[in-house]
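Undergrad: structure for the following, please:
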Amino acid sequence: MTTEALIDAETLPYLDMTDPDFSIRSDVVNAAREASWCARTNYGLAVLRYDEVHKLMRDARLRQGSYAWPKLNDVTGHFATWWENMLLSQEGANHARLRRMANPAFSPKLVIALRPEFARLANELIDGFVERGSCEFMSAFAEPYATRVICMLLGLPHDKWRELADLAADMGLALGVTYKQDLATVEAATEKMFGYVMALVAEMRKQPLGEDFLSMLVKANMESTEALSDQELYDMIVLAIFGGIDTTRNQLGLAMEVFANHPDQWALLGDNPELGKAAVEEVMRIRPTITWVTREAVEDFTYQGLTIKRGTTIHLFGQSAASDPRAFDDPSFNIVAERKPHFGFGGGAHHCLGHFIARGDMTEALAILAHRIRNPVIGAEARFLPDSGNTGPIILPMTFDAGERKAFIPPSAAAPVEPAPADAASGPAVSLTILYGTQTGNAEQMATDIAGIARSKGFAPRVLSLDALPLDELKGLKRLLIVTSTYGQGEMPDTARNFWEAVTAADAPDLAGLSYTLMSMGDTGYETFCAAGRAIDERLQALGATCLEPRVDCDVNYAAIAFPWVERALGVLKTVEGEEAAFTEAAGEGMRAKWTRRNPYAAKIAANTRLSGASSQKETRHIEIDLGESGLTYEAGDCIGVVPVNDPALVSAIMAAFGTCAHQPVQGFDKPLGPLLAEGFELGLPSRELVAEVAKRSGDADLKHVLEHGDRQALDAWVHGRDVLDLVTMLPTGALPLADFIGLLKPLQHRAYSIASSPKEHPGTLHLTVAAVRYHAHGRDRGGVASTWLADRVAAGGAVPMFLSPNRAFRLPDNDDAPVIMIGPGTGVAPFRAFLQERRARGAKGRNWLFFGDRNRESDFLYEADFAEFTRQGVLTRLDLAFSRDQAEKVYVQTRMREAAADLFAWLQDGAFLYVCGDATRMAADVEAALIEIVASEGGMSATDASDYVEALRRDKRYLRDVY
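TA: All right, here's what the predicted structure looks like:
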């Protein structure tokens, strides 16, 4: 009998893991591996060789060791508490119980069902940069791909992906060797992540729960807190978000780095996409994001002559082991070589819970990337997290040659090798009609977003405006989801007026067979918040329809409640029995846009010139935007959304009022104060919540009186002309903590502008007509957020974040012989310049009549030369002008309408289409009143009959408005 020779631990190689330059791939680690299977470190032992790592990862004498990280490093706080109590830090029965609850969300069958969605998402992201030949890979692909996959998997709001990605990245700093200097960032991100999760769960508890992963966890918690406590619920959701995002993002970045250093392997994968799975395994062997896992000895024992005491920390260097020449004859990178299993997903009881998902989504991503991007070269500016613990690129700029420009579907995504679950996207499609009512495009964008989510859940959705669906088809629908905004003082938006008239008519149909859900969008700053949605909801139920999920009323900052509601709504709609889809998505009104409010395109300003004369009392700008390689296409009548930046002087004044600076961190946010105020929040009209808080903390008697008496008009009058700075300066110093103040602000919204050009005459560019809003109130000069930003701070060559907002309710008639009447005072003339260019380019023979007005002809005749040219060419048949300040008696466009009453009515009788664009508060109402008067007088009708005549024009889509 022989005894194993004992090893003197002091003779083992030593590795300094606190060195910021420490790398598990270094020659120092390789030399230590050659000298011994184990090394000493300042954090316990490091196991370096393949066989020893493989065995010890499954050794029952070791437990998961990372749970002790906070205690060993004297770290406290929210992240430390979460880390000690989450699933990965548990052992035994408790670990098994929690893991059983999480397993259904990460099943291999679910991955198979989602592969087509992974491929669709990868192609969508690549479309955004493939033509450029360069990108910053982490922000352009790795981050949005990893995060949106997790949102897809867990049922999280898709518009939160950017925020969730940033939070996961900041939390991930805790896993690197520089964690001490990053603790403040880690802690802030953790607190914000938990705040988001707790708010999400609170909202879910109020609503019927579905069958998705989050609903399953919440249901288990609500049934028994002994089965799953509140804290365990929050901890598990945070882990799923953090782990799913951080590791996949980092691993994709590392994969691109490895392949860029092995161009022959990249070309091989590009030509053979079936190697995608093998490529993932080889990347994770040679360059895993998790470079080691930690264990702790639970008893004294001897292993290969080394005495290991209870409590000893042992790091299993998986990356070092996976290149051990004892296990691999040739450990160099080769995606077709046969390999032993790697340790990129850990092993044993704590083997990565989401490895099926990670393998599946990375397989699709790498196969598609290699096919569409050739010869990638990483830029010298690339920066990485420390090459230890949890590593990955921070910035990964690269150039490449474009391969396949069209979307590519690898075989693994096109033909699942296992049967998918019956309710997965690959099963029989379930018909779903999504109808929207919109005035500015927000509800339409939301409807399109919902269609994308529905598609991933096995629906065949079509998206239509409420007015576009024939009433007889409404009666035959089985499943309906409605998204609508409210216009004006509680009115239906223009794209829902006909629908509303039909369902409120005396002969409205019985809708007893219809199951529906409804989302209403609005702004609590208005007294008629979500009135249109409430009215439609009540009317449909009165007609016998069944509302399956209670209506959700969404404020401006809607994501936290809107997307959980979407998940629940789709879940209950899926249960409705009925025939499969009898339509295709092509029957809808458009597919998901690449550039959106949440992902705007940074367009270049080609020209920014003053349009109004120097003597004008107001400044109007003509702006030309180069659409570059965005792929954006528009039609005459469309709008764009501009994502503005707040006035830096206003931002500075608010920071000064708080006695702080632009670099001040803000608890719960990942941006410092300056950029947060400049880009994140409305600093103009204050929120009602901020007004109420200032009234409480300032003691201002006038404001308290207005609020206590509940007079909405009085409150509006008090707020009029004031901004956030006015309210801040009412507060005593220190009365309102900065974080509380930020929480009372509204998110900064985009501003919509009508396009003033036709793509037929200006391909690749679009024109805007922007009036710079400037005024003096309460002793200070003020300005509009977007208009002054465009006028003063964005010159030619600058960039403007923007997205297209199609306005399908404001289109020229298809019949080029039809006459057109256009009424557009001030900047309301913008779309009519586009209309006239469009009709000229189309060679339309129909007559065109324009009513235009402003203050003074000499200084405010916008596009005078253009309209003169249209007239000379015979495109503009008639031009009626109304300059209000050129004579003693003010003259407006409605004045000119009344003067031309006989001709105007004759045009209408000849089938003219009438368009109105501009101010909704007074002008649009005055024009409509004049129109009814003209119809009554010229048509010999009563006021009621004339009003019905105008309503018939509206119903027939011959009276169209773009008012704001």
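Undergrad: so for the chain, the centremost residue is which one?
TA: Asp159 (2.9 Å; Cα atoms, centre = their mean).
Undergrad: so it sits right up against Asn599, yeah?
TA: No: using Cβ atoms under 8 Å, Asp159 is not in contact with Asn599, being 9.2 Å away. In this view, the C-beta of every residue, glycine as well, is placed from N, C-alpha and C.
Undergrad: for the stretch 501-650 of the chain, which segments count as strands?
TA: Counting by DSSP state E, counting those that start in this stretch, one finds strands in the stretch 501-650 of the chain at the ranges 515-521, 546-554, 601-610, 619-626, 639-642.
Undergrad: which residues are in contact with the first one?
TA: The contact list for strand 515-521, computed with Cβ atoms under 8 Å, 6 or more residues apart in numbering, reads 442-443, 446, 478-486, 530, 532-534, 536-537, 540, 545-549, 551-554, 558, 562, 565-566, 569, 572-573, 576.
Undergrad: distance from that strand to the middle of the chain?
TA: 21 Å (Cα atoms, centre = their mean, to the nearest Å).
Undergrad: could you list the buried residues of that strand?
TA: Ser515, Tyr516, Thr517, Leu518, Met519, Ser520, Met521 (16 or more other Cβ atoms under 10 Å).
Undergrad: okay, now the closest residue to the third one other than its chain neighbours: neighbour count?
TA: It stands for Thr517. In space, and not counting its chain neighbours, Thr517 is closest to Ala569: 4.0 Å by Cβ to Cβ, 6 or more residues apart in numbering. A count of nearby residues for Ala569, using other Cβ atoms under 10 Å, gives 26.
Undergrad: got it, and Glu296?
TA: Neighbours around Glu296, by other Cβ under 10 Å: 20.
Undergrad: tell me the contacts of the nearest residue to Lys475 once chain neighbours are set aside?
TA: Spatial nearest neighbour of Lys475, excluding adjacent residues (Cβ to Cβ, 6+ apart): Pro509 at 4.7 Å. By Cβ under 8 Å, 6+ apart, Pro509 lies in contact with Leu471, Asp472, Leu474, Lys475, Leu543.
Undergrad: so the fourth one sits against Val503, correct?
TA: To tie it back to what came earlier, the one meant is Lys475. No: with contact defined as Cβ under 8 Å, Lys475 does not count as touching Val503 (10.8 Å).
Undergrad: compare the two and say which is more crowded by neighbours.
TA: Val503 (20 against 14).
Undergrad: now the more buried one: how far from Ala496?
TA: 10 Å (Cβ to Cβ, to the nearest Å).
Undergrad: same deal with Val238?
TA: 40 Å.
Undergrad: now the residue nearest to the centre of the chain. Its backbone dihedrals?
TA: phi -80, psi 0 (degrees, to the nearest 10).
Undergrad: surely Trp951 is within a helix?
TA: To be clear, residue 951 is Glu; Trp isn't right here. Yes: assessed by DSSP: H, G, I helix; E, B strand; the rest coil, Glu951 belongs to a helix.
Undergrad: how many residues are close by it?
TA: If you count neighbours by other Cβ under 10 Å, Glu951 ends up with 15.
Undergrad: now swap in Pro819 and tell me
TA: The number of residues packed near Pro819 is 19, by other Cβ under 10 Å.
Undergrad: wait, it sits on Asp910?
TA: Yes: counting by Cβ under 8 Å, Asp910 is a contact partner of Pro819 at 5.9 Å.
Undergrad: does Gly270 really touch His371, like I thought?
TA: Yes: counting by Cβ under 8 Å, Gly270 touches His371, with 5.1 Å between them.
Undergrad: report the set of residues contacting both of the two.
TA: In contact with both Gly270 and His371: Gly403, using Cβ under 8 Å, 6+ apart.
Undergrad: who's more crowded, these two?
TA: Legend: neighbour count by other Cβ under 10 Å for Gly270 and His371, higher for Gly270 (23 against 20).
Undergrad: which secondary structure element contains the nearest residue to the more buried one once chain neighbours are set aside?
TA: Distances taken as Cβ to Cβ, 6+ apart put Ala370 closest to Gly270, at 3.8 Å, once the chain neighbours are dropped. Using DSSP states H and E, Ala370 maps to helix 355-372.
Undergrad: pull out the buried residues from whichever helix or strand comes after that helix.
TA: Beyond helix 355-372 on the C-terminal side, the first helix or strand identified by DSSP H and E is strand 373-378. Going by neighbour count (16+ other Cβ under 10 Å), the buried part of strand 373-378 is Ile373, Pro376, Ile378.
Undergrad: which one of those is nearest Leu744?
TA: For those, the residue nearest Leu744 by Cβ to Cβ is Ile378; the value is 44.0 Å.
Undergrad: so that closest one makes contact with Leu396?
TA: Yes: Ile378 is within contact range of Leu396, at 6.4 Å (criterion: Cβ under 8 Å).
Undergrad: need the overlap of contacts for those two.
TA: Met256, Glu257.
Undergrad: which regions of the stretch 1-150 of the chain lie under the pLDDT threshold?
TA: Scanning the stretch 1-150 of the chain for pLDDT under 70 picks out the ranges 1-5, 96, 100-113.
Undergrad: list the buried residues for the helix or strand containing Gly195?
TA: Per DSSP H and E: Gly195 is located in helix 179-205. Buried positions in helix 179-205, judged by neighbour count with 16+ other Cβ under 10 Å: 179, 182-183, 185-194, 196-197, 200-201, 203-204.
Undergrad: any stretches of the stretch 651-800 of the chain with poor pLDDT?
TA: Using pLDDT under 70, the flagged stretches of the stretch 651-800 of the chain are 668, 670, 710-711.
Undergrad: now the strands for it?
TA: 751-754, 765-772, 774-777, 780-783, 799-805.
Undergrad: just give me the neighbour total for Phe835.
TA: Neighbours of Phe835 using other Cβ under 10 Å come to 26.
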